[in-house]
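**Q** here's my sequence, what's the structure:
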Amino acid sequence: MSNSTNYVFVLDASKKPLTPCQPGIARSLLKAGKAKVFRRYPFTIILNKLVAEKHQGLLLKIDPGSKQTGLALVSQDGEVIFAMVLVHRGQQIKNALERRRNIRQGRRHRKTRYRQPRFLNRNHKKGWLPPSLMHRVLTVETWVNRLIKLAPIDSIAMELVRFDTQKMINPEVSGVEYQLGVLAGYEVREYLLDKFNRTCAYCDAKNVPLEVEHIQPKSKGGSNRISNLTLACRPCNEAKGNQDIQDFLLGKPNLARRILSQAKAPLKDAAAINATRWKLFETLKAKGLPITTGSGARTKYNRCRLDLPKEHWIDAACVGEVEQLTILTTQPLVVTAMGHGCRKMVQMDKYGFPRKGYQAKKPVGGWKTGDIINFVKGKNIGLKGVRIKTVRSKGNFDIRHGDKILSVSRNHIQPIHRRDGYNYSF
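**A** Have a look, this model is predicted:
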């Protein structure tokens with residue numbers, strides 16, 4: 001690998017994508033006045049003239065993931081000239097929807113306007129996905145569209161992996177047992193009673209009422225999967241609360257090890273990939289570009305054969321048929337989905353109905369939370385690429401610099417990248 005950053009995207013005067021160039025060449029074009037900065041993230045320049053170029057098409061490779069998705073642009077010679085890691089916010093969306101659901105359920109038990117519960121009036125179209133999962137598909141689609149506008153992409157390759165959750169739990173499962181699953185003929189409680197010999201997992205108490213208990217608390221990301229459930233007596237369950245099992249059994253490492261040995265790896269991420277893989281494939285296929293797929297086993301084989309480290313963007317470069325790769329960048333662009341902050345806020349009247357005609361206040365002088373700025377004045381001059389955390393009407397904004405929150409004047413800053421719902425870093 002060579003120690004270099006991503007190549008720079010180049011557009012001609014008609015915004016036609018040209019072959020990306022090295023950062024040094026882009027710097028020379030900017031200094032000579034032959035080009036201007038078109039976009040900061042990813043860095044793109046636009047030339048002052050039209051160019052009739054017969055470019056070599058690039059291959060966009062994608063490694064979809066539950067939390068992060070890797071993308072890489074590979075030339076026909078096997079050179080990786082651009083890489084990025086897209087960080088999703090599916091869990092944040094899920095948490096926000098759960099908070100909204102809890103608030104709406106709570107309203108039915110308070111002395112407020114009654115809202116009729118809805119159960120059988122929700123019809124989803126074929127191929128519908130929950131918002132937290134559909135977000136992963138839409139963010140990948142957004143960045144594929146952006147890269148197609150910035151680079152001469154001729155084809156797409158993606159990893160179409162399928163995780164067999166039954167085999168991940170028990171590799172030897174087969175036949176009728178595979179078809180029925182681990183809970184065939186059992187209720188969850190009866191399954192746990194049989195699995196843990198009708199004893200408390202923490203104190204081995206017998207012949208006492210036992211409660212279903214989450215090994216990893218739900219408040220800390222635990223799931224309702226059978227591999228995350230155990231049995232505990234009432235005193236042990238109350239004593240553990242929402243503690244991590246390692247903290248609760250701090251003085252009993254052998255007991256913690258025994259319980260954790262029964263808990264399998266969480267399969268929530270695998271389920272998310274299973275649910276979105278074909279939706280993403282159909283979405284990318286609709287772009288009209290040739291698309292190929294590769295298995296996860298081939299991706300791992302290519303990466304191990306080329307002796308490359310385990311990274312999302314490197315896995316993306318290794319998707320499909322790969323003879324040889326030349327990594328020309330070791331500094332991928334990390335793009336974190338932050339949301340657009342455009343949720344509609346409506347004030348209520350004293351009866352609980354939305355007040356008509358209310359609109360959110362307009363941004364202060366064109367500034368918005370999420371704008372990326374440089375400092376051109378003041379004591380923080382020289383600080384670059386900082387994201388605005390809070391916009392205030394008085395003109396003093398909050399920014400996050402490291403672990404500190406700084407208050408700055410809008411007269412001391414200059415915008416370099418307007419908010420587009422993402423945060424950028426390297």
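**Q** in the sheet, who's paired with the residue lying closest to Asn423 once chain neighbours are set aside?
**A** Closest residue in space to Asn423, ignoring its immediate chain neighbours: Thr336 at 4.4 Å, by C-beta to C-beta, 6 or more residues apart in numbering. Just so you know, the C-beta spots here come from the backbone N, C-alpha and C atoms, and that holds for glycine as well. Taking DSSP bridges as the rule, Thr336 bridges to Val87, Asn423.
**Q** run a quick neighbour tally on Thr336.
**A** Neighbour count for Thr336, taken as other C-beta atoms under 10 Å: 15.
**Q** same check, this time on Gly221
**A** Neighbour number of Gly221 under other C-beta under 10 Å is 11.
**Q** residue contacts, it?
**A** Counting by C-beta atoms under 8 Å, 6 or more residues apart in numbering, Gly221 touches Gln91.
**Q** relative to Leu260, how far out is it?
**A** 15 Å (C-beta to C-beta, to the nearest Å).
**Q** tell me the centre residue of the protein?
**A** By C-alpha atoms, centre = their mean, the chain has its centre lying nearest to His88, at 1.5 Å.
**Q** got a list of what the nearest residue to that residue once chain neighbours are set aside touches?
**A** Excluding its sequence neighbours, the residue lying closest to His88 (C-beta to C-beta, 6+ apart) is Arg136, at 5.2 Å. By C-beta under 8 Å, 6+ apart, Arg136 lies in contact with 64, 66, 69, 88, 90, 272, 276, 280.
**Q** try 10 Å this time
**A** By C-beta atoms under 10 Å, 6 or more residues apart in numbering, the contact set of Arg136 is 64-67, 69, 86, 88-90, 93, 129, 272-273, 275-276, 279-280, 337.
**Q** buried subset of those residues, written for ChimeraX?
**A** In ChimeraX, a selection of the buried entries from the contacts of Arg136 looks like this (16 or more other C-beta atoms under 10 Å):
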select :64,65,66,69,86,88,89,90,93,129,272,273,275,276,279,280,337
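**Q** picking up where we left off before, per-residue pLDDT, the residue nearest to Asn423?
**A** Here the pLDDT value assigned to Thr336 is 91.
**Q** mind listing what it touches?
**A** By C-beta under 10 Å, 6+ apart, the residues touching Thr336 are 68, 85-89, 421-425.
**Q** in TSV, list those along with pLDDT and distance to Asp371.
**A** Listed next are the contacts of Thr336 as TSV, based on pLDDT from 0 to 100; distance: C-beta to C-beta, whole Å:
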residue	pLDDT	distance to Asp371
Gln68	91	24
Val85	94	22
Leu86	94	20
Val87	94	19
His88	93	22
Arg89	91	19
Gly421	84	12
Tyr422	87	12
Asn423	85	11
Tyr424	87	12
Ser425	84	15
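**Q** which one of the residues you listed is nearest Ser155?
**A** The shortest gap between Ser155 and any of those belongs to Leu86, at 19.6 Å (C-beta to C-beta).
**Q** what helix or strand does the nearest residue to the closest one once chain neighbours are set aside sit in?
**A** Leaving out its chain neighbours, the residue that sits closest to Leu86 by C-beta to C-beta, 6+ apart is Thr69, at 4.5 Å. Counting by DSSP states H and E, the element that carries Thr69 is strand 68-74.
**Q** what packs against that strand?
**A** When contacts are defined as 3 or more C-beta pairs under 10 Å, 6 or more residues apart in numbering; DSSP states H and E, strand 68-74 packs onto strand 58-63, strand 79-87, helix 131-150, strand 153-159, helix 312-317, strand 333-337.
**Q** and the ones you listed as TSV, adding distance to Arg39?
**A** Output for the helices and strands packed on strand 68-74, formatted as TSV (distance: least, C-beta to C-beta, whole Å):
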stretch	distance to Arg39
strand 58-63	18
strand 79-87	13
helix 131-150	8
strand 153-159	16
helix 312-317	20
strand 333-337	12
